[in-house]
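J.: model this:
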Amino acid sequence: MREAAWTRIASCGTALTLAALMVFAGPARADAISDVLTAKGPDRQKMLEEGARKEGSLMFYSALTVDQGLRAEVNAFAKKYPFIKTEFWRGTEIQISQKVLAEQRANNVQVDVVESVGVAGTLSRANALLPFESPYAEAIPERYQDKTKLSAASRLNFFGIAYNTKLVPPGTQPKTYDDLLDPKWKGKLAWREDSVSGAILFITNLLMTRGEPATEAYLKKLVGQNIVSFNGSARTLVNRVIEGEYLIGLNIFLHHPVISATEGAPAGAQGMEPVPSVAGTLVIPKGLKHPHAAMLFLDFFISKEGQEVMRDAQYFPVIDSVKPLKQLEPITPALVNMKENYISDQALLDNKRKAEALYKEYFR
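T.: Below you'll find the model as predicted:
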C-alpha cells in the first residue's frame with residue numbers, strides 16, 4: 001500500500017469532521033473512498049487538499065485533443081495544485097473504455113478521472129463507476145446534468161459537416177440533411193465508423209428526431225452516396241477534408257474546421273437542423289487510488305476557472321457564465337437560432353444498438 005494507509009474522510013453532516021482511518025483493501029477502503037467522493041460541507045476543500053497532498057499524484061484519461069485542450073487543462077490544474085503530480089493519457093472513447101475495464105479486471109486501476117464523449121454510458125452499463133458530489137456541478141444547466149451523479153458535463157460539442165472551401169465554395173455546401181442526397185456529392189462524403197460520435201451519432205440524431213421508419217427511409221437513399229467509412233480520429237478526418245481527399249466530412253465536431261480556418265486552412269463548418277449536441281463528461285472509475293486528487297481535478301475542470309481554460313482552447317464551455325469565443329458563435333445553435341437536439345449519454349446508449357444495426361445493414 002502507499003505511504004501509510006491513512007486517508008482523510010468526512011462525515012455526511014452539515015459540517016465535516018476530519019478523522020484518520022486505516023484504509024484496508026476491500027469494503028473498508030471502498031467506503032472511505034465513497035465518503036471522499038460524496039463529501040459536503042464548509043471543510044470539504046480543506047479535506048480534499050490535505051488528502052491530495054498525501055496521495056501526491058493523479059492520472060487522467062481523456063479524448064481531448066492533446067495540443068488543444070488536454071495539455072492546457074492539465075497544466076492549469078498543476079499550476080494551481082503543484083503538490084499533485086498530474087499525468088494524462090489520450091485515447092478515443094472506445095480505447096478509454098476498454099483500458100479502464102481492462103485495468104479493473106486486472107485489479108490494477110491506474111486512472112483516477114476519465115473524460116470523453118460517450119464513455120459515461122459505456123462504463124455505467126458495465127457498473128464501473130462511482131457516484132460523486134461536486135458543488136460546481138450546480139452551475140451546469142439542468143438539461144446537461146446527470147441525475148444519477150455518475151458523471152458531470154465537462155464541455156459541449158456541436159456536430160455538423162466540415163467541407164473544403166476550395167473545392168466546395170462557401171454557399172454551395174449542403175445545409176440540410178436532404179442536401180446530402182444530391183447526386184453531386186456521391187463518393188465525396190466521409191464519416192467516422194469507429195466512434196460513437198461519428199456515423200452512429202449521425203443515425204442516432206435521426207432516430208430521435210424523425211423516428212425509426214423515416215430514418216430508415218432516409219438511410220436507404222443516403223447509402224447511394226457511397227459514403228467512405230473512415231477509421232481514425234475526428235481531427236484526422238477534418239485534416240483529410242482540408243487536404244482534399246474528401247470534399248465533406250459528416251458529423252464532425254464543428255469547432256474543428258473553425259479552428260483550422262482561423263489558421264488559414266480551406267475549411268468550412270456547417271450545422272444542419274436539428275444540430276446534434278453531446279456533452280463530454282467526467283467520471284470516476286471504481287478502484288481509483290487517489291480520490292482526493294480526483295475530486296480536486298473534477299471540481300477544477302467544471303469550475304469557472306477550468307471552463308475558461310476550455311473556452312480559451314476553443315471548446316464550448318458547459319456553464320452559462322463562460323461564453324464561447326467569438327469565432328465559435330456562428331456554430332453555436334442558440335446564438336444563430338438553430339434547433340439543437342441534445343443527446344445525453346443515456347440517450348446515446350439507448351439508441352446505440354438500433355443505430356449500429358442500421359449502420360451495419362446499409363453502410364458496412
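J.: roughly how far out does the helix or strand harbouring Leu298 sit from the chain middle?
T.: Take DSSP states H and E as the rule and Leu298 turns out to sit in helix 291-302. Helix 291-302 sits 16 Å away from the centroid of its parent chain (C-alpha atoms, centre = their mean, to the nearest Å).
J.: shouldn't Ala294 be in contact with Leu288?
T.: Yes. Judged on C-beta atoms under 8 Å, Ala294 makes contact with Leu288 at a distance of 5.9 Å. Placement of C-beta: from N, CA and C, glycine included.
J.: now the common contact residues for these two.
T.: Asp112, Val113 (C-beta atoms under 8 Å, 6 or more residues apart in numbering).
J.: and those two? which has more neighbours close in?
T.: A direct count of neighbours by other C-beta atoms under 10 Å for Ala294 and Leu288 places Ala294 higher, at 29 against 22.
J.: relative to Gln45, how far out is Arg143?
T.: Arg143 sits 28 Å away from Gln45, going by C-beta to C-beta, to the nearest Å.
J.: whoops, I mixed them up, Ala152
T.: Taking C-beta to C-beta, one finds Ala152 at 17 Å from Gln45.
J.: so for these two, which sits in the more crowded spot?
T.: Under the criterion of other C-beta under 10 Å, the comparison of Ala152 against Gln45 puts Ala152 first, with 27 against 15.
J.: need the contact list for that one.
T.: Ala152 neighbours (C-beta under 8 Å, 6+ apart): Phe132, Ser134, Ala137, Ile140, Asp146, Thr281, Leu282, Leu298, Ile302.
J.: mind putting these in CSV, distance to Thr86 included?
T.: Listed next are these as CSV, based on distance: C-beta to C-beta, whole Å:
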residue, distance to Thr86
Phe132, 18
Ser134, 18
Ala137, 21
Ile140, 23
Asp146, 24
Thr281, 19
Leu282, 15
Leu298, 13
Ile302, 17
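J.: next, count neighbours for Ala126.
T.: 14.
J.: residues contacting the nearest residue to it once chain neighbours are set aside?
T.: What sits nearest to Ala126 in space, not counting adjacent residues and going by C-beta to C-beta, 6 or more residues apart in numbering, is Leu101, at 5.9 Å. By C-beta under 8 Å, 6+ apart, Leu101 lies in contact with Leu123, Ala126, Ala128.
J.: go again with 10 Å.
T.: By C-beta atoms under 10 Å, 6 or more residues apart in numbering, Leu101 lies in contact with Thr122, Leu123, Ala126, Ala128, Pro285.
J.: neighbour-wise, give me the winner out of the residues you listed.
T.: Leu123 leads the contacts of Leu101 on contacts (other C-beta under 10 Å) with 26 neighbours.
J.: ok, that residue to Leu247 distance?
T.: Distance from Leu123 to Leu247, by C-beta to C-beta: 36 Å.
J.: now do Val283
T.: 37 Å.
J.: who has more neighbours out of these two?
T.: Val283 (30 against 20).
J.: can you give me the strands in the stretch 251-364 of the chain?
T.: Taking DSSP state E, counting those that start in this stretch to define them, one finds strands in the stretch 251-364 of the chain at 267-271, 275-285, 340-342.
J.: I'd like to know which of those strands lies nearest to Pro213.
T.: Minimum separation from Pro213 across these (C-beta to C-beta) falls at strand 340-342, 18.2 Å.
J.: centre of the chain to that closest one, how far?
T.: On C-alpha atoms, centre = their mean, the centre of strand 340-342 falls 15 Å from that of its chain.
J.: equivalent analysis for stretch 81-97, please.
T.: Worked out by C-alpha atoms, centre = their mean, stretch 81-97 lies 13 Å from the chain centre.
J.: state the mean pLDDT of that stretch.
T.: Average pLDDT, stretch 81-97: 95.
J.: and that stretch, which residues are buried?
T.: Tyr81, Ile84, Thr86, Phe88, Arg90, Gly91, Thr92, Glu93, Ile94, Gln95, Ile96, Ser97 (16 or more other C-beta atoms under 10 Å).
J.: okay, among those, which ones form the most distant pair?
T.: So, those by C-beta to C-beta: farthest apart are Tyr81 and Ile94, at 30.3 Å.
J.: just for the chain, where's the confidence low?
T.: Regions of the chain meeting the criterion pLDDT under 70 cover residues 1-28, 194.
J.: compute the first-to-last residue distance for stretch 131-143.
T.: One end of stretch 131-143 to the other measures 19 Å (C-alpha to C-alpha, to the nearest Å).
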